[in-house]
Structures are given as structure tokens and as C-alpha cells.
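> I would like to see how this sequence folds:
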Amino acid sequence: MTYALDTNTVSFLIKGEHTVVKNFREKIIEKENNYTIPYIVFYEVMRWLDYRPSVALKLLSKQFHVLFDTVEKGAAMPDSAWKKASDIYVGLRQSGQLIGDADILIAAYCIVNGFTLVTDNAKDFCRISGLAFVNWR
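Here you go, the predicted model:
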């Protein structure tokens, strides 16, 4: 199984949130599952770290340097994911339940690749049919 980590999950890992760190160890390290950080999530996390350049946060982020170094970030969004994102957008807009573009792109990436999204944002992601997600918090 491959887990795709959402921005809030990576943030919880960086901050050392106990339950998320425990689940990461159990589900990824001990069970030898794969994980990925979608490019959009990587961008959102990096802009957050760059915007808040406190020394403590930078030091904390270095603890999880391996999180970014060991993950496969090189997989680009295939054409099918862009089409899926467009379909998701249209469906959500027609139903009056639109969510942010970044979340739509993350969901499409997970659906077409068969990844399970790890997120604390069930409120938005539950609107997307075909998306497998879990909350480690």
C-alpha cells in the first residue's frame, strides 16, 4: 500500500504530534508500506516553513529531513490525474460543494495512482467519490 501524506499530516509530523508520529512508524516503517508527498503538498509545506523562519521550527523540520529525502517526489502528475481533477472540480461545483484547487489536485493524484490519502481534513475530502483516505490523528 502507498500512503500519500497531506499537508496537515506532514505538518503534524514536523511538529512531532504523538499520534501521527506513532501511526507513521506503525503503518510505514514497521509494515514497510510506501509513502509519497505530492508536489503540491511539498510546495505547501515548504512555503509554510519559509514564511515562518523561526529557529525552533527550522530545527524541528530538520528532524524530518529524512521524510523528504526518502520519499519519491519525482513522480509528476500524469495526464489522467489532470483530467480527473477537472472532473472532480465540475462535480463539486455542480453540487455546490467546491473545495480548494490544491485539495482537488491532491485527491486526483491519489485516485489515479491508487494511493490512500492521510489527512486530517475529512470535511473536504469526504466529498470526493473514489478517494480512499484515513486520519492518523
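> So which elements touch the helix ranked longest in the chain?
As far as residue count goes, and with DSSP state H defining each element, the longest helix of the chain is helix 79-94. Taking 3 or more C-beta pairs under 8 Å, 6 or more residues apart in numbering; DSSP states H and E as contact, the helices and strands that helix 79-94 lies on are helix 101-113. Where you see a C-beta, it was placed from the backbone N, CA and C, and this is true even at glycine.
> what angle do the helix it packs on and helix 79-94 make?
Orientation check (axes from the mean of the first three to the mean of the last three C-alpha atoms, to 10 degrees): helix 101-113 against helix 79-94 gives 130 degrees.
> List the buried residues of helix 101-113.
Applying a neighbour-count criterion of 16 or more other C-beta atoms under 10 Å, one finds Asp103, Ile104, Leu105, Ile106, Ala107, Ala108, Tyr109, Cys110, Ile111, Val112, Asn113 buried in helix 101-113.
> pLDDT at the third one, what is it?
Per-residue confidence at Leu105 stands at 96 (pLDDT).
> What's the separation between the closest residue to Pro78 other than its chain neighbours and Thr36?
In this structure, Pro78 finds its nearest non-sequential neighbour in Val112, 6.3 Å apart by C-beta to C-beta, 6 or more residues apart in numbering. Counting by C-beta to C-beta, to the nearest Å, the gap from Val112 to Thr36 is 13 Å.
> I appreciate the help and will end here.
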